[in-house]
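1. all I have is the shape, not the residue letters:
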């Protein structure tokens, strides 16, 4: 399955030695614009969904725990009539380290599979309640309870 247009996974560079590791998370050249750096600390089984922005792009990195990130392209779609196809990404512990890039018009949410989880994210805009869209977690027809990590 091809990624939703402009949704991107950026592989991270990690330098490992006997002391631990150093990881390059995000470079200025990979950002279209810097607006705000935020973090969310969440417990196991927490669901935060769905959010959507008209202007803002999100860059998600999970520094602790494991989440299932879900995205759905709502650009030009009446999602109340036609349910969108959702794509899943597992991010965090025991996964290849990556940044998930979520462009405007793409609904996004997450479920914490192994917590606590820490989501660090950079946005291209500062927080603006007028750009902060909310969609109920069950409105897009996605089954948040189907995947479990043991």
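-> Happy to help now that I have it. This one's a predicted model, so the numbers in the text were calculated from it and none came from an experiment.

2. and the next element down the chain from the longest strand seen in the chain?
-> Longest strand in the chain, counting residues (DSSP state E): strand 106-123. As assigned by DSSP states H and E, the chain's next helix or strand after strand 106-123 is strand 133-134.

3. check the offset of that following strand from the chain's centre.
-> 15 Å (C-alpha atoms, centre = their mean, to the nearest Å).

4. now for it, which elements pack on it?
-> Contacts defined by 3 or more C-beta pairs under 8 Å, 6 or more residues apart in numbering; DSSP states H and E place strand 133-134 against strand 47-52. Every residue, glycine included, has its C-beta placed from N, CA and C.

5. where's the strand it packs on relative to the chain centroid, distance-wise?
-> On the basis of C-alpha atoms, centre = their mean, the separation between the geometric centre of strand 47-52 and that of its chain is 10 Å.

6. which residues sit against it?
-> Applying C-beta atoms under 8 Å, 6 or more residues apart in numbering, the contact partners of strand 47-52 are 40, 42, 70, 72, 74, 105-112, 132-137, 139-140, 142, 144.

7. and residue 70, how far is that from residue 111?
-> 8 Å (C-beta to C-beta, to the nearest Å).

8. how confident was the prediction at residue 58?
-> Residue 58 is assigned 97 on the pLDDT scale.

9. you'd agree it is up against residue 99?
-> No - between residue 58 and residue 99 there is no contact under C-beta atoms under 8 Å: 9.8 Å.

10. how about residue 102: what's its closest non-neighbour residue?
-> Setting aside the residues directly before and after it, residue 102 is nearest to residue 58 in space (C-beta to C-beta, 6 or more residues apart in numbering), at 4.3 Å.

11. so what's the residue count around the one you found?
-> Per other C-beta atoms under 10 Å, the neighbour tally for residue 58 reads 23.

12. which residues does it bridge with?
-> residue 102, residue 123 (DSSP bridges).

13. residue 108: how many residues sit nearby?
-> The number of residues packed near residue 108 is 23, by other C-beta under 10 Å.

14. from residue 7, how far off is it?
-> Residue 108 sits 9 Å away from residue 7, going by C-beta to C-beta.
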